[in-house]
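Here you go, sequence then predicted model.
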Amino acid sequence: MRLNRLTIYGFGQFHDRTFDLHPGLTVFLGANEAGKSTLTQFISAILFGFPTKKHPTLRYEPLDGSRFGGEISFTQGGQDYLVTRVDGPRGGKVTLHNVTSDLKLPATSLPHLLAPMDATLFQQVYAINEPRLAAVFATSKQELVDHLRHVGAVGSDFWLVQASKLDEAADARYKPQGRNPELNRWLLEYRELRAKLDRANAAYPKYWDLLDQRRQLTQDQAALRQTLQAERQRVTTGEQRLAKWPIYQQWTALASANDPVATGFAPQDAATLERLVNQQQVTQESLTHDQQELTTQRQAAQLTPLFQHYLETVDQLAPTLATIPDTLVAAHTVEQTGSQQADLQNRAENLERQYAHQGQMPRAFSLATLQEVTQLRQALTAANQKRRRLQQNLNDLNEQFRQQQPTRQQQRNPLADKQIGWLAAGLIVLIGSLFLPSAFLKLGGALVGVAVGYYGAFIVSSGTPATQQTDELEAEIRDLQAQLREGSSTTSELTNRLDAIGENYGMADVPLEEWATAQGAIAEWERLTRQLEAVTTDFQAAQQLVTDFQKQIGATLPELADRDLQDQVDQLLDLQRQQQRLATRDSDLSALSERVKRDHTTLKQATAAVTTFLQTRNVTDSQAFYRQYQTVQERDQRQQRRADLAHQLGEADLAALQGVADEATLQATFEQDRQRLAATQAQLDKGNERLATLAGQIDQLTSSGTQATLRQKLADLETRMIATTQRWLVDRLASQWIAAALAAASSDRLPQIVTKASEFYGKLTENRYTEIELTETTLRVRRRDGEWRTVSQLSRGTAEQLDFAVKLAFAIVMTQQVQMPVVIDDGFVNFDVQRRHQAYRLLDEISRDTQVILMTADTAIATDVAEQQISQLVD
């Protein structure tokens, strides 16, 4: 692979920058913070993806907020490609384009083009900087040997990590000298369990004897607990009966409640008496009411004279009575329209007083007249404004003319006298030419006379400025006066037309400025007039209806002639109701008489029923019945109280208490039961103490576990140990297999890498070191004098040169499998001056086969590299 061009949209401090790369060596020269490390990270990010946002320092997001990303043009297998990567998920959004064939490729094609190269291999081998070279001291010798031993196998880092994980897993299970690994801990536990099992086998006979004692004692304790439960129940029952003894005494005291009493005084008997007495009272009240109503109707049977007269004329009054609702509505209309009529009349008269002329209201303008009046008023206003403006200008000119008159009269103009002379001479010549004999001479003399007069006038006009100014003023004054006369004529014409319209519509006495207001008032007056006419018509119609009704009532019933309308209506309605009552009065009197007779009969029957009820119970009146009823109720209450006490005591306790002579006997029985309970409890407690002792002895014998338990634990532990040992063997053998496979995979290329690295290391150290030796366990270099040195015996710079030589050798040897440019970011800071120049010359040499991109701040590189290969980076 060869990189051709870097285009940065936004990355770190760069934005919208393009860098062209040479096929061989390209040097970017710049001071600190010029962006050398940014370019190195840009190449890795575009090819392999942006780091996640969990590592913001490695993302190099643009500092100015520009678009994040860029593109790289590269050549692979004779084809030119352009890869673009911008911000997006999963390492950024990738676009891949085959420039040679002009085809857009899927983003998944990029890893296949770069394979077997990945980000890890690129960073560890091809991206060289001082911290990575210094890692030669940061790892143990064995790790360094393993890394260099397996660097010849592509993708070996993954399998090295897997082998390391397998070794860690195996060490976590077992170490020969360890204590914390689980297999080590289980071996110790196995020895302890074996010792416990031996001790349990020795104490086995005594253990069975203690178990027999505990089993027998447990059975005895169970029997005692049953006995204790029964005795506790007896004590509880005795204590409850002692508490119920006062209730039992109350139940005994109520034994007299069962004595017999007289019958017929039950609650239903009291209800029957109450019903009979209420029936007697209701019948008496109904009789009294019917008697009063009968007396009242007999008195009301006498008729008044007005009612008698009404009965005689009822047929004649029928049509008039039917109009009562309409008459009442008409009366309401009269009252309402009267006030409305007065209000309308008042408002119309106010408008007439304001605008009427000789009792006549002006007429409203038509629409065409209204538009004409508006136009005439606007024209009149404009004409008056123009006239005032012209009058003001005329006054100003008159004032100017007046101010110039005294000056002109006081000063004498010699040119004016000369003008008169010339004019007189011209006139004489003109008149004299008329007397000449020939027409030609007459014409010539006339022209001479005119010329002489014109000359005189021209001299005066051009020689007297004051006179010229006065003439101009007079001309302007005359012009303004003519305009004023014309404006006055226009104003008069407009005024005459408006006066004619006012005379025609009766608006002559109304000022022109009030015409618009007057038109609204005229329209309002016309509306009021129309409403007044309608209201007056309704008022007269309603008034006539009310008058006709009163006249008919007064003619038919003179007694009501002097009454007002409402009183007449009330009297007529009352007469109608009396007529209706009169029609039903006769039947009501008959019905009332019959109802009084029935009330007398019902009252006798109710009184007889009450008397019979009391006699059957041997009481004289209701009071005696209720006294006997109260006695029966008290007996029933005592019986209910005794039943409640019996329920509270319970059937069993009541029967038991009936068999006890007195409370002392009951107390003595309770004390005996309590003493037996205490003795049983003491015996049970003693047995529990013995059980606890036996349990302690058994626990002491089985502190290490019973034989069965220990054997089971031992078997479980052996099973786990066997499974763990098998997993330990699998992990250890897999790690060894990976190491052997990597060694076999790199065995064919590793000698070439070591040989090439020895060559490069000799050039870097000016042949101070001539050979590198790499075995399974050692890494050392041979000096020119034949002495061998380990890495730890080298200086920091020399050790970094060793790592640099190995990585360069890897890049050269692996060119056929992995074609990737070597990117070096200030990797020679610990090299001395001479070896730094050796490194520059070495890079220039290998760049003939492998592309090299060098980032450096060393300006001395210009002595070893051609100027066209150097690009300046400016901060």
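Perfect, I can see it now. No experiment lies behind these values; they were computed from the predicted model shown.

Tell me which residues are up against stretch 55-70.
Stretch 55-70 is contacted by residues 6-16, 38, 41-42, 45-46, 50-51, 53, 84-87, 92 when judged by Cβ atoms under 8 Å, 6 or more residues apart in numbering. C-beta here means a position set from N, CA and C on the backbone, and glycine is covered the same way.

switch to 10 Å and redo it
Residues from elsewhere that reach stretch 55-70 (Cβ atoms under 10 Å, 6 or more residues apart in numbering): 6-18, 35, 37-38, 41-46, 50-53, 83-88, 92-95.

gap between residue 239 and residue 228?
Taking Cβ to Cβ, to the nearest Å as the measure, residue 239 falls 16 Å from residue 228.

who has more neighbours, those two?
Counting neighbours by other Cβ atoms under 10 Å for residue 239 and for residue 228 shows that residue 228 has the greater number, 18 against 13.

pretty sure that one is touching residue 680, no?
Yes - under the criterion of Cβ atoms under 10 Å, residue 228 makes contact with residue 680 at 4.8 Å.

In the chain, which strand is the longest?
For the chain, the strand with the greatest residue count under DSSP state E is strand 2-11.

Just checking: what are the partner strands of that strand?
The partner list of strand 2-11 in its sheet, established with DSSP bridges, is strand 14-20 (antiparallel), strand 69-76 (antiparallel).

Out of those strands, which gets nearest to residue 365?
Of all the strands paired with strand 2-11, strand 14-20 sits nearest to residue 365, with 81.2 Å by Cβ to Cβ.

could you pull out the strands for the chain?
For the chain, strands defined by DSSP E occupy the ranges 2-11, 14-20, 25-29, 69-76, 79-86, 93-98, 103-105, 127-129, 769-774, 779-783, 788-790, 822-825, 852-856, 870-872.

And those strands: which comes nearest residue 578?
With respect to residue 578, and counting by Cβ to Cβ, the nearest of the strands of the chain is strand 93-98 at 110.2 Å.

next one: the closest one to chain centre, how far?
42 Å (Cα atoms, centre = their mean, to the nearest Å).

for that strand, packing partners?
Secondary structure elements in contact with strand 93-98, counted by 3 or more Cβ pairs under 10 Å, 6 or more residues apart in numbering; DSSP states H and E, are strand 69-76, strand 79-86, strand 103-105, helix 109-114.

before we move on, the earlier item: which of the strands of the chain is buried the deepest?
Comparing the strands of the chain by mean neighbour count (mean count of other Cβ atoms under 10 Å), strand 852-856 ranks first with a mean of 25.

For it, name the packing helices and strands.
Using 3+ Cβ pairs under 10 Å, 6+ apart, strand 852-856 sits against strand 25-29, helix 36-48, strand 127-129, strand 822-825, helix 833-846.

For residue 255, find the nearest of these.
For residue 255, the closest of the helices and strands packed on strand 852-856 is helix 36-48, at 112.1 Å, according to Cβ to Cβ.

Which positions within that closest one qualify as buried?
With burial defined by 16 or more other Cβ atoms under 10 Å, the residues of helix 36-48 counted as buried are 36-48.

just stretch 376-386 next, same as before
For stretch 376-386, the neighbour count (16+ other Cβ under 10 Å) marks 376, 377, 379, 380, 383, 386 as buried.

Over to stretch 651-670?
Of the residues in stretch 651-670, those buried (16+ other Cβ under 10 Å) are 653, 654, 656, 657, 666, 670.

Contacts only, for the closest residue to the third one other than its chain neighbours.
Yep, that's residue 656 we're talking about. Closest residue to residue 656 apart from its sequence neighbours, by Cβ to Cβ, 6 or more residues apart in numbering: residue 241 at 6.5 Å. By Cβ under 10 Å, 6+ apart, the contact set of residue 241 is 248, 649, 650, 652, 653, 656, 657, 660, 663, 666, 669, 670.

Nearest to residue 184 among these?
When the contacts of residue 241 are compared for distance to residue 184, the smallest value, 71.6 Å, is given by residue 670; criterion: Cβ to Cβ.

was I right about that closest one contacting residue 660?
No - under the criterion of Cβ under 10 Å, residue 670 is not in contact with residue 660, lying 11.0 Å apart.

for residue 5, which residues make a bridge with it?
residue 20, residue 73.

quick one: it and residue 13, what's the gap?
Here the distance between residue 5 and residue 13 works out to 19 Å (Cβ to Cβ).

Would you agree residue 632 is in contact with residue 265?
Yes - taking Cβ under 10 Å as the definition, residue 632 is a contact partner of residue 265 at 4.5 Å.

Quickly list what's touching both of those two.
The overlap between the contact sets of residue 632 and residue 265 (Cβ under 10 Å, 6+ apart) is empty.

And the pLDDT for residue 18?
With respect to pLDDT, residue 18 has a value of 93.

so what's it closest to, chain neighbours aside?
If the residues on either side of it in the chain are set aside, residue 18 comes closest to residue 7, at 4.9 Å by Cβ to Cβ, 6+ apart.

Comparing the helices and strands packed on strand 852-856 by mean pLDDT, which bottoms out?
Of all the helices and strands packed on strand 852-856, strand 127-129 carries the lowest average pLDDT, namely a mean of 83.

what about that one, distance to the chain center?
On the basis of Cα atoms, centre = their mean, strand 127-129 is displaced by 54 Å from the centre of the chain it belongs to.

Name the strands paired with that strand and say parallel or antiparallel.
With DSSP bridges as the test, strand 127-129 pairs up with strand 822-825 (parallel).

what number of residues lie near the closest residue to residue 873 other than its chain neighbours?
With Cβ to Cβ, 6+ apart as the criterion, residue 873 has its nearest non-adjacent residue at 2.9 Å, and that residue is residue 30. A total of 17 residues lie near residue 30 under the criterion other Cβ under 10 Å.

check contacts around residue 30.
If a contact means Cβ under 10 Å, 6+ apart, then residue 30 has 36, 39, 855, 856, 857, 871, 872, 873, 874, 875 as its contacts.

Can you pull the domain assignment for this protein?
Domain assignment for the chain by automatic domain parsing gives 1-117+826-832+856-875, 360-531.

So for residue 304, which of those domains sits nearest?
Among the domains of the chain, if distance is taken as Cβ to Cβ, the winner is domain 360-531, at 48.3 Å.

tell me the mean pLDDT for that closest one?
On average, domain 360-531 scores 71.

End to end on it, go ahead and measure it.
Start to finish, the residues bounding domain 360-531 are 19 Å apart (Cα to Cα, to the nearest Å).

Surely residue 44 touches residue 129?
No - between residue 44 and residue 129 there is no contact, the gap being 11.8 Å when judged by Cβ under 10 Å.

Pull up the overlap in contacts between the two.
With contacts taken as Cβ under 10 Å, 6+ apart, residue 44 and residue 129 have 123, 823 as neighbours in common.

could you pull out the helices for the stretch 551-700 of the chain?
Secondary structure of the stretch 551-700 of the chain, counting by DSSP state H, counting those that start in this stretch: helices at 565-615, 622-649, 651-658, 663-701.

circling back to that earlier point, include distance to residue 568 and mean pLDDT when you put the helices and strands packed on strand 93-98 into CSV, please.
Formatted as CSV, the entries for the helices and strands packed on strand 93-98 read as follows, by distance: least, Cβ to Cβ, whole Å; pLDDT from 0 to 100:
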stretch, distance to residue 568, mean pLDDT
strand 69-76, 110, 94
strand 79-86, 108, 94
strand 103-105, 113, 92
helix 109-114, 118, 87
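
Tell me which of the ones you listed approaches residue 287 most closely.
When the helices and strands packed on strand 93-98 are compared (using Cβ to Cβ), the closest one is strand 79-86, at 116.4 Å.

what distance separates the closest one from the middle of the whole chain?
A distance of 46 Å separates the C-alpha centroid of strand 79-86 from that of its chain, computed with Cα atoms, centre = their mean.

which residues touch residue 549?
Residues 320, 323, 324, 326, 327, 328, 330, 331, 565, 568, 569 are the ones in contact with residue 549 under the rule Cβ under 10 Å, 6+ apart.
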